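Trainee: Quick one, fold the following:
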Amino acid sequence: MFLPTIRLGGSHQLKLGVDLERQAFHQKSERHPYQVMRGDDSVARYVTFEGSPFMARKNFEGSYYLQDAWTPREGLLFEAGLRAEWNQIIRRVEPAPGWQWHGPRNFSVIPSSPRGGADTTMPSRSM
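Mentor: Residues are numbered from 1 along each chain as shown. Predicted coordinates for the structure are as follows:
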């Protein structure tokens, strides 16, 4: 969802969103007993498995983000955002900040963790 544009040191276009997802995993494991043999072919150990061969796991994941696309002047764009994720298995919020820089000239980029990016564009010239 885009929020109304804010004019403060250029223009800021704010965007926010939410993602909710429910997952389920079901598996049947075929487990068979086996023997561990010694060098003289005698049985050293006999291994068996107990319990149900069926496994199931459910998970609910939720994430949200807020992003700002700031244009301080024509031809220059900074994007910064914050994304946070939570899931039922890990049970903790994991923030993920990120940023990008778009400008008219070549530049070097130090990427942010865990996300980052860069792009260059040439300004259009009228003839």
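Trainee: Need the single longest strand in this structure, by residues.
Mentor: strand 54-73 (DSSP state E).
Trainee: elements contacting that one?
Mentor: Here strand 54-73 touches strand 11-28, strand 76-87, going by 3 or more Cβ pairs under 8 Å, 6 or more residues apart in numbering; DSSP states H and E. For glycine as for every other residue, the C-beta is placed from the backbone atoms N, C-alpha and C.
Trainee: Quick one: these as TSV, columns for mean pLDDT too.
Mentor: Below are the helices and strands packed on strand 54-73 laid out as TSV (pLDDT from 0 to 100):
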stretch	mean pLDDT
strand 11-28	89
strand 76-87	83
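Trainee: and those as JSON lines, adding mean neighbour count and distance to Glu50?
Mentor: Converted to JSON lines, the helices and strands packed on strand 54-73 look like this (neighbours: other Cβ atoms under 10 Å; distance: least, Cβ to Cβ, whole Å):
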{"stretch": "strand 11-28", "mean neighbour count": "12", "distance to Glu50": "16"}
{"stretch": "strand 76-87", "mean neighbour count": "16", "distance to Glu50": "30"}
